[in-house]
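Trainee: Let me see the structure of the following:
(chains A and B)
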2 protein chains.
Amino acid sequence: MKITLSHGSGGKATSELIDQIFARHFSNPILNMMEDSAVVDGYGKIAITTDSFVVTPLFFKGGDIGRLAVCGTVNDLLMRGAVAKYITSAFIIEEGADTETLEAIASSMAKTANEAGVCIVAGDTKVIEGNGGVYINTTGIGFANNENIVSTNLQNGDCVIVSGTMGDHHATILSARMEIENDIQSDNAPLTDIVKNLIDGGIDIHCMRDVTRGGLGTVLNELANASQKQIEIEETAIPISDEVKAFSKILGLNIMHMGNEGKLVAIVPSEQANKAVEIMKNSKYGENATIIGKITNGEGVILNTRLGGQRKINVLIGEGLPRIC
Amino acid sequence: MKITLSHGSGGKATSELIDQIFARHFSNPILNMMEDSAVVDGYGKIAITTDSFVVTPLFFKGGDIGRLAVCGTVNDLLMRGAVAKYITSAFIIEEGADTETLEAIASSMAKTANEAGVCIVAGDTKVIEGNGGVYINTTGIGFANNENIVSTNLQNGDCVIVSGTMGDHHATILSARMEIENDIQSDNAPLTDIVKNLIDGGIDIHCMRDVTRGGLGTVLNELANASQKQIEIEETAIPISDEVKAFSKILGLNIMHMGNEGKLVAIVPSEQANKAVEIMKNSKYGENATIIGKITNGEGVILNTRLGGQRKINVLIGEGLPRIC
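Mentor: I've put the predicted structure just below:
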């Protein structure tokens, strides 16, 4: 069935769409109450984050917009050291979208929410004119126990760890748009296990960020600026799969500005860095974790190149890859 | 300045857009931290709701998409008897939108959040191809003290109260689309004062719903179904301004399916109904509150017409007025 503007009326067609797709896949006792807002157990300090997803294509190797929409928001909660608990799901659907497409997205969101340990507690559906596009906002609420994990917290000598290979999601989306056949898969994943294990393992995490649009270069610049420190990265230490390396070389892409959707950068005291890497390697989605650099006095982000030189890394300038997430 | 896809890159253009417009208007100590998620004070029970806004035109008599986006979500929290505390703001912007337009919307959101007593704690900005359209998701978090205010709670003999005139927002949007000149204004408003005063005044509210897309007829049907009761409404008791009455008569619109954005329906015990109406009349945006009907045994929604007949009222069928909110 095709979506029409009547599915956005708030009347009979809207409630049928909700009942038949979203309520069915997301079903849980809180959501099923269908009140104007959900009432759930709270906590002394809560973490809140919001993110909209406009990725195209909707389905790509290794994932889809639904999985992305859950992972992106869950990961933002985790980056404050919070336990991700609740998520909302708001769809803006263009006329002409297939209900089969919505069903596949909803099913993926439900599975990913389950994997990430969050409950979908509220939803909304709107319809606009267009050509079958789908946009999703997810907002996440977590229980916050570690509010000192912030970007102003970088200390001289701290180590910079990434949880895995860079650029996978970016290369996947670009391959799909250019219709290039390869085996590159998106890394879109919830980082729940890595973060839980680091915290339970007693790592004194100074800061965490997930590496999304803008890439590692943009994220590291934001952290360096917030803490007024320099971040020094070893080019040869940055993990990158052979396929993504070849792909980016052919197209002249800079790995420092290629987005991921299931990788984090963690800043930890140097004496705990090896232990942190071990913990990450033994966590789901962290098998390629490694130390890539350190915090020093100064400003900005410096890359020590494979040829022994130094290069300043800036934030992404220009449009990068539009609609990557 | 016109928005381009580079403003959605997550790099330099994105952070400049955020700094110059959203962060400037929404500025507060929580948001200004610019971390991946905001950490705020929690509570034992929290209310959560999400809503996207796709209204067109973006600016209309009496309001705009920004005011609407705050009011709609705040009101959904209030309808569970919660104290609205935090709100997130996620913009999906079409290429070609003016920064002046975004600035006016952000300014209106900030003012409305201030009026409604909520803090904007997190935001997101995405850019898609298009023609200058703007879509906003707001997600609200409140402290929940009255979780028994639910749609399954209607009791025989309860009175049905509306907080003011019906159809104003609907008639405003339709007038703007048809370029009809009149003095009708949207009622988009936060119902914070009405709800606070009802609760502080000791009214044992059984249920509340704001009357939005789908109109009073759709809302009342949802409540009747949830509680397995009949709702009997007096046609002559439904408050409607002379201008909206004339407008809907000329166009053949059914007031029962015309949306509002600053009105609620409250179900209260009959012995407290007059007191509740008095409290609402003395609250901001409640001056035209009145009793319009009662809960009885049976099912569905029945309208006692001005001519002495009875008519069954259904939920809205068809597309109603697309993109009304």
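Trainee: Could you tell me whether A:Gln20 really is in a strand?
Mentor: No - using DSSP: H, G, I helix; E, B strand; the rest coil, the assignment for A:Gln20 is helix, not a strand.
Trainee: Tell me who's in contact with it.
Mentor: A:Thr99 (CB atoms under 8 Å, 6 or more residues apart in numbering or on different chains). Backbone N, C-alpha and C define where each C-beta goes, glycine included.
Trainee: separation between it and B:Asn225?
Mentor: To B:Asn225, A:Gln20 is 17 Å away according to CB to CB, to the nearest Å.
Trainee: Can you list the residue ranges for strands in the stretch 101-250 of chain A?
Mentor: Per DSSP state E, counting those that start in this stretch, the stretch 101-250 of chain A carries strands over the ranges A:119-128, A:134-144, A:159-162, A:207-210, A:230-234.
Trainee: between these, which one is nearest to chain B?
Mentor: Taking CB to the nearest CB, strand A:134-144 is the member of those nearest to chain B, at 3.6 Å.
Trainee: Need the nearest residue in space to A:Glu319, chain neighbours excluded.
Mentor: B:Ser6 (3.9 Å; CB to CB, 6 or more residues apart in numbering or on different chains).
Trainee: okay, now that neighbour: neighbour count?
Mentor: 20 (other CB atoms under 10 Å in any protein chain shown).
Trainee: Equivalent analysis for A:Asp200, please.
Mentor: So A:Asp200, with other CB under 10 Å, has 9 neighbours.
Trainee: if we can go back for a sec, would you say the residue nearest to A:Glu319 is within a strand?
Mentor: No - assigned with three-state DSSP, B:Ser6 falls outside any strand and is helix.
Trainee: list the contacts for it?
Mentor: When contacts are taken as CB under 8 Å, 6+ apart, B:Ser6 is in contact with A:Gly318, A:Glu319, A:Gly320, B:Ala13, B:Thr14, B:Val127.
Trainee: any low-confidence regions in chain A?
Mentor: The model of chain A has no residue with pLDDT under 70.
Trainee: ranges for the helices of it?
Mentor: For chain A, applying DSSP state H gives helices covering A:12-17, A:23-26, A:65-78, A:99-116, A:168-178, A:192-200, A:215-227, A:242-251, A:270-281.
Trainee: Can you lay out the ones you listed as CSV showing distance to A:Val134?
Mentor: Listed next are these as CSV, based on distance: least, CB to CB, whole Å:
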stretch, distance to A:Val134
helix A:12-17, 13
helix A:23-26, 15
helix A:65-78, 6
helix A:99-116, 7
helix A:168-178, 15
helix A:192-200, 25
helix A:215-227, 25
helix A:242-251, 27
helix A:270-281, 33
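Trainee: Of the ones you listed, flag the one that's most buried.
Mentor: helix A:65-78 (a mean of 30; mean count of other CB atoms under 10 Å in any protein chain shown).
Trainee: chain center to it: distance?
Mentor: 5 Å (CA atoms, centre = their mean, to the nearest Å).
Trainee: of all the contacts of B:Ser6, which comes closest to B:Val40?
Mentor: Closest approach to B:Val40 among those (CB to CB): B:Thr14, at 24.0 Å.
Trainee: Can you give me every residue that contacts the closest one?
Mentor: A:Gly214, B:Ser6, B:His7, B:Gly8, B:Thr125 are the contacts of B:Thr14 under CB under 8 Å, 6+ apart.
Trainee: Let me have those residues in CSV, adding distance to B:Leu102 as columns.
Mentor: Output for the contacts of B:Thr14, formatted as CSV (distance: CB to CB, whole Å):
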residue, distance to B:Leu102
A:Gly214, 20
B:Ser6, 15
B:His7, 10
B:Gly8, 13
B:Thr125, 9
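Trainee: ok, those residues vs A:Lys45, which is closest?
Mentor: When those are compared against A:Lys45 (criterion: CB to CB), the nearest one is B:Thr125, at 26.0 Å.
Trainee: The closest one: neighbour count?
Mentor: There are 21 residues near B:Thr125, going by other CB under 10 Å.
Trainee: for the one 5 residues further on, same thing?
Mentor: A count of neighbours around B:Gly130, defined by other CB under 10 Å, yields 18.
Trainee: Give the closest residue to A:Glu222 in space, chain neighbours not counted.
Mentor: A:Glu222 sits nearest to A:Ser151 (CB to CB, 6+ apart), 6.5 Å away.
Trainee: measure the one you found to B:Met178 for me?
Mentor: For A:Ser151 relative to B:Met178 (CB to CB), the value is 50 Å.
Trainee: Show the contacting residues for A:Tyr86.
Mentor: A:Ala38, A:Val40, A:Val118, A:Cys119, A:Ile120, A:Val121, A:Gly140, A:Ile141, A:Gly142, B:Ile48.
Trainee: cool, A:Glu261 as well?
Mentor: Contacts of A:Glu261 (CB under 8 Å, 6+ apart): A:Gly63, A:Leu68, A:Cys71, A:Gly72, A:His169, A:Ser186, A:Asp187, A:Asn188, A:Ala189, A:Asp210, A:Thr212, A:Cys325.
Trainee: Adding distance to chain B as columns, could you present the residues you listed in CSV?
Mentor: Below are these laid out as CSV (distance: CB to the nearest CB, whole Å):
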residue, distance to chain B
A:Gly63, 18
A:Leu68, 12
A:Cys71, 13
A:Gly72, 10
A:His169, 12
A:Ser186, 16
A:Asp187, 16
A:Asn188, 16
A:Ala189, 16
A:Asp210, 7
A:Thr212, 7
A:Cys325, 8
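Trainee: quick check, nearest of those residues to A:Asn197?
Mentor: A:Ala189 (14.5 Å).
Trainee: residue contacts, the residue nearest to the closest one when sequence neighbours are not counted?
Mentor: Counting by CB to CB, 6+ apart, A:Ala189 lies nearest to A:Gly262, which is 3.3 Å off, once chain neighbours are set aside. Going by CB under 8 Å, 6+ apart, A:Gly262 touches A:71, A:75, A:164, A:168-169, A:186-191, A:210, A:285.
Trainee: residues contacting the closest residue to A:Ala106 other than its chain neighbours?
Mentor: With CB to CB, 6+ apart as the criterion, A:Ala106 has its nearest non-adjacent residue at 4.0 Å, and that residue is A:His25. By CB under 8 Å, 6+ apart, the residues touching A:His25 are A:Glu103, A:Ala106, A:Ser107, A:Met109, A:Ala110.
Trainee: For chain B, state which of those is nearest.
Mentor: A:Met109 (13.6 Å).
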